[in-house]
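Undergrad: Curious how this folds, go ahead:
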Amino acid sequence: MLACRNGRLDSLTIRAGANDPVAGREGPAKVTVEDGIVTLRGQVPRRLLTHPLIEGVRRTAGVIAVHDHLTYAVDDSVLPPRQPLP
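TA: As a prediction, this is how the structure comes out:
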């Protein structure tokens, strides 16, 4: 969930939903906002989670720009090499 306070984007909270892959805790990112510019820092469990998180923030009313400084524990964007058939 992304939230604005007092109609102005000066505070942003990211919370995982029940069906979210990072559920059960506050969002994986540390978020700072200054004059509509959102900076994301922290580590997410998998690389493929970064894009939806950034896009969700980008679509929030009042966001002018998103600076992505997220890291990930596992790079799941690359398929493992094919194994030869037996």
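
Undergrad: helix, strand or coil for residue 39?
TA: Here residue 39 is recorded as strand under DSSP: H, G, I helix; E, B strand; the rest coil.

Undergrad: where along the chain do the strands fall?
TA: 30-34, 37-46, 65-74 (DSSP state E).

Undergrad: what sits up against the last one?
TA: Residues external to strand 65-74 that are found in contact with it (Cβ atoms under 8 Å, 6 or more residues apart in numbering): 28-29, 36-47, 49-50, 53-54, 57-58. All C-beta spots, glycine's among them, are computed from the backbone N, C-alpha and C.

Undergrad: ok, of those residues, which come out buried?
TA: Neighbour counting with 16 or more other Cβ atoms under 10 Å marks 28-29, 38-40, 44, 47, 49-50, 53-54, 57 as buried within the contacts of strand 65-74.

Undergrad: one step back: nearest to residue 84, of the strands of the chain?
TA: Closest to residue 84 of those is strand 65-74 (Cβ to Cβ; 25.0 Å).

Undergrad: Mean confidence (pLDDT) on that closest one, please.
TA: What strand 65-74 shows for mean pLDDT is 92.

Undergrad: Just give the strands next to it in its sheet, each with its orientation.
TA: Sheet pairing for strand 65-74, assigned by DSSP bridges, gives strand 37-46 (parallel).

Undergrad: Tell me what angle the partner strand forms with strand 30-34.
TA: Angle of strand 37-46 versus strand 30-34, following axes from the mean of the first three to the mean of the last three Cα atoms, to 10 degrees, is 170 degrees.
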